[in-house]
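Peer 1: here's my sequence, what's the structure:
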Amino acid sequence: MKRWKRMLACLCAAVLVVTLLAGTQALADSAEIYIMAENDQILVDLPLEAMPVWIGGVMYVPYHAFDWTYTGVNLGVSYGQDRTGMDYKFTLYSLSGTLVFDINAGTCVEQSSGEDMGMKAVLRNGRVFVPLAGVCRYFGLNYSYTPTNYGTLIRITNGQEWLTTSQFVESSVNQMRVRYNEYLKAMGATSSPKPTTSSGGGATPTPSATPSPGETDQRQLTVALAFQCTGTGAEQLLDALDKAGVRALLFFRPETLAENERAVRRAVGSGHTVGLSVPAGTEKQALEALEEGSRWLKENLHLCTHLALLEEPGDGVTKTVEQEGWACWYGDMDARDDGRSQNVQRSALMSALENERGTVRVLMDDSANGVGVLERALPRMEQEGYRFRLLVETDF
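Peer 2: Numbers count the residues shown, from 1 in each chain. This next block holds a predicted model:
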């Protein structure tokens with residue numbers, strides 16, 4: 001009798017294993033997985049919510065594909081967006097021309113000629129998606145679909161790639177396998193009725209282990225750095241950030257943009273995000289200052305920004321500025337120079353970060369003392385395993 005019970009138990013276990021494997025295989029077989037690459041690089045940071053998708057017979061890709069500060073690959077195309085009231089315009093531009101997508105109207109025109117381009121951009125999971133074929137055709141980019149054992153590879157190239165498609169696929173097998181498994185895991189997590197906690201970011205949802213007693217989870221901390229730049233130490237600040245390989249959001253005052261043009265150009269060219277910082281004042285004064293800075297950036301750098309730091313916002317100023325389409329800075333931690341020594345301020349910053357989880361927005365400055373604190377804090381942050389995140393307009 002005992003022998004039969006053991007055999008029955010083994011049989012049940014085998015059936016359970018087969019069922020689980022079949023479920024996993026069924027998910028893999030039914031899932032449409034697209035992995036993106038640009039030139040000779042797999043885009044490893046795109047979350048499940050930003051995976052390319054077919055809509056109405058048209059392949060749409062997230063705007064991140066044309067944001068070199070996000071992908072690390074410069075295809076020669078940049079983006080901008082303008083939200084004013086109910087209007088939402090999304091722009092893709094290069095030296096050869098500009099496409100203006102009206103998100104709400106579902107249209108796209110060429111800026112110089114006003115010609116209707118017969119395509120549209122869509123909002124999906126809070127992100128702007130644009131038609132792959134239409135955008136690539138306009139900007140002279142190439143794209144390809146390549147079926148692989150790990151989903152379909154979508155590769156965008158601009159003639160600066162080194163590898164042929166077959167060579168690239170062969171060299172990227174391990175990366176594609178990892179991305180494929182990450183997508184499958186994310187699909188399983190999102191289709192499960194388990195409660196989830198929103199992180200507020202764009203990371204792929206993955207199960208996280210519960211730390212054992214006494215074990216910290218500081219490795220989960222992501223630091224998003226922003227700096228209020230008066231211009232006096234902007235070059236030294238950029239030196240420190242470049243040395244550490246960290247990108248940040250830099251707020252420049254409108255009235256100092258011209259005299260600090262070199263630093264502003266360097267910030268943009270190095271992949272940092274640029275916004276505008278305005279001092280205390282009335283609603284009218286704040287808007288006039290922001291418009292002045294916006295006009296200078298457009299005329300001199302062809303840059304469109306809607307990020308604003310209101311240094312000392314008065315009553316109603318923030319609300320008015322946001323109603324005019326500006327995204328105002330809201331931080332978790334103010335670490336600007338307060339007159340204490342660099343060692344004391346660095347210690348205070350690191351102590352405060354130890355109690356944080358998730359993504360923390362930290363505001364610093366480009367003063368001599370502020371740059372010194374940053375130079376001392378960055379190595380410690382790296383030792384603690386903190387990750388860094390570049391804030392862009394879509395994060396606000």
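Peer 1: going by C-alpha atoms from here, please, whenever you check contacts or count neighbours.
Peer 2: OK.
Peer 1: what residues sit buried inside stretch 83-92?
Peer 2: 83, 89-92 (16 or more other CA atoms under 10 Å).
Peer 1: avg pLDDT for that stretch?
Peer 2: Across stretch 83-92, the average pLDDT comes to 81.
Peer 1: residues contacting it, please?
Peer 2: Residues outside stretch 83-92 that contact it (CA atoms under 8 Å, 6 or more residues apart in numbering): 66, 77-82, 98-104, 323-326.
Peer 1: shouldn't residue 276 be within a strand?
Peer 2: Yes - if the criterion is DSSP: H, G, I helix; E, B strand; the rest coil, then residue 276 is within a strand.
Peer 1: for the buried residues of stretch 83-92, which one is nearest residue 367?
Peer 2: Checking the buried residues of stretch 83-92 against residue 367 with CA to CA, the nearest one is residue 83 at 32.4 Å.
Peer 1: distance-wise, check that closest one relative to residue 323.
Peer 2: Going from residue 83 to residue 323 by CA to CA, to the nearest Å gives 9 Å.
Peer 1: mutual contacts of those two, please.
Peer 2: The contact sets of residue 83 and residue 323 do not overlap (CA under 8 Å, 6+ apart).
Peer 1: still on that earlier bit, which of the contacts of stretch 83-92 are buried? Put it as a ChimeraX command.
Peer 2: Selection of buried members from the contacts of stretch 83-92 for ChimeraX, criterion 16+ other CA under 10 Å:
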select :66,77,78,79,80,81,82,98,99,100,101,102,103,325,326
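Peer 1: out of the contacts of stretch 83-92, which sit inside strands?
Peer 2: Judged by DSSP state E, these include 78-82, 98-102 as members of strands.
Peer 1: export these to CSV and tack on distance to residue 244?
Peer 2: Listed next are the ones in strands among the contacts of stretch 83-92 as CSV, based on distance: CA to CA, whole Å:
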residue, distance to residue 244
78, 25
79, 26
80, 27
81, 29
82, 32
98, 34
99, 35
100, 36
101, 36
102, 38
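Peer 1: pLDDT value on residue 46, please?
Peer 2: So, for residue 46, pLDDT stands at 75.
Peer 1: how about the one 10 residues further on?
Peer 2: At residue 56, the model reports a pLDDT of 74.
Peer 1: one more: the one 3 residues further on?
Peer 2: The confidence metric pLDDT takes the value 85 at residue 59.
Peer 1: and the gap between it and residue 131?
Peer 2: For residue 59, the distance to residue 131 - CA to CA - is 6 Å.
Peer 1: more crowded one of those two?
Peer 2: residue 131 (21 against 15; other CA atoms under 10 Å).
Peer 1: so who does that one touch?
Peer 2: By CA under 8 Å, 6+ apart, residue 131 lies in contact with 58-61, 119-121.
Peer 1: now those in CSV, with secondary structure and distance to residue 247?
Peer 2: Below are these laid out as CSV (DSSP: H, G, I helix; E, B strand; the rest coil; distance: CA to CA, whole Å):
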residue, secondary structure, distance to residue 247
58, strand, 34
59, strand, 31
60, strand, 28
61, strand, 24
119, coil, 33
120, coil, 31
121, coil, 28
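Peer 1: still on that earlier bit, with the ones in strands among the contacts of stretch 83-92 in mind, which one is nearest to residue 137?
Peer 2: For the ones in strands among the contacts of stretch 83-92, the nearest to residue 137 is residue 99 (11.8 Å; CA to CA).
Peer 1: which residue comes closest to the closest one once chain neighbours are left out?
Peer 2: residue 110 (4.8 Å; CA to CA, 6 or more residues apart in numbering).
Peer 1: how about residue 349?
Peer 2: residue 335 (6.8 Å).
Peer 1: quick check: the two most widely separated of the contacts of residue 131?
Peer 2: It's 61 and 119 that sit farthest apart of these, by CA to CA, at 13.4 Å.
Peer 1: go ahead and flag the most central residue of this protein.
Peer 2: Here the mean C-alpha position of the chain is nearest to the C-alpha of residue 70 (CA atoms, centre = their mean), at a distance of 5.7 Å.
Peer 1: what residues does that residue make contact with?
Peer 2: Neighbouring residues of residue 70 by CA under 8 Å, 6+ apart: residue 64.
Peer 1: now do the helix or strand containing residue 382, average pLDDT.
Peer 2: Secondary structure from DSSP states H and E places residue 382 in helix 368-383. For helix 368-383, mean pLDDT rounds to 88.
Peer 1: same for it, what does it pack against?
Peer 2: helix 234-244, helix 342-354 (3 or more CA pairs under 8 Å, 6 or more residues apart in numbering; DSSP states H and E).
Peer 1: in the longest one, what counts as buried?
Peer 2: Looking back up the chat, that one is helix 342-354. Using 16+ other CA under 10 Å as the test for burial, helix 342-354 gives 342, 345-346, 349, 353.
Peer 1: same deal with the first one?
Peer 2: Going by neighbour count (16+ other CA under 10 Å), the buried part of helix 234-244 is 234-238, 240-241.
Peer 1: now for it, which elements pack on it?
Peer 2: Counting contacts by 3+ CA pairs under 8 Å, 6+ apart, helix 234-244 is packed against helix 261-269, helix 368-383.
Peer 1: burial check on residue 317, number of neighbours?
Peer 2: Residues lying near residue 317 (other CA under 10 Å) number 20.
Peer 1: so what's the closest residue in space to it that isn't next to it in sequence up against?
Peer 2: Among residues not flanking residue 317 along the chain, residue 283 sits closest, at 4.9 Å (CA to CA, 6+ apart). Shown in contact with residue 283 (CA under 8 Å, 6+ apart): 316-317, 320-321.
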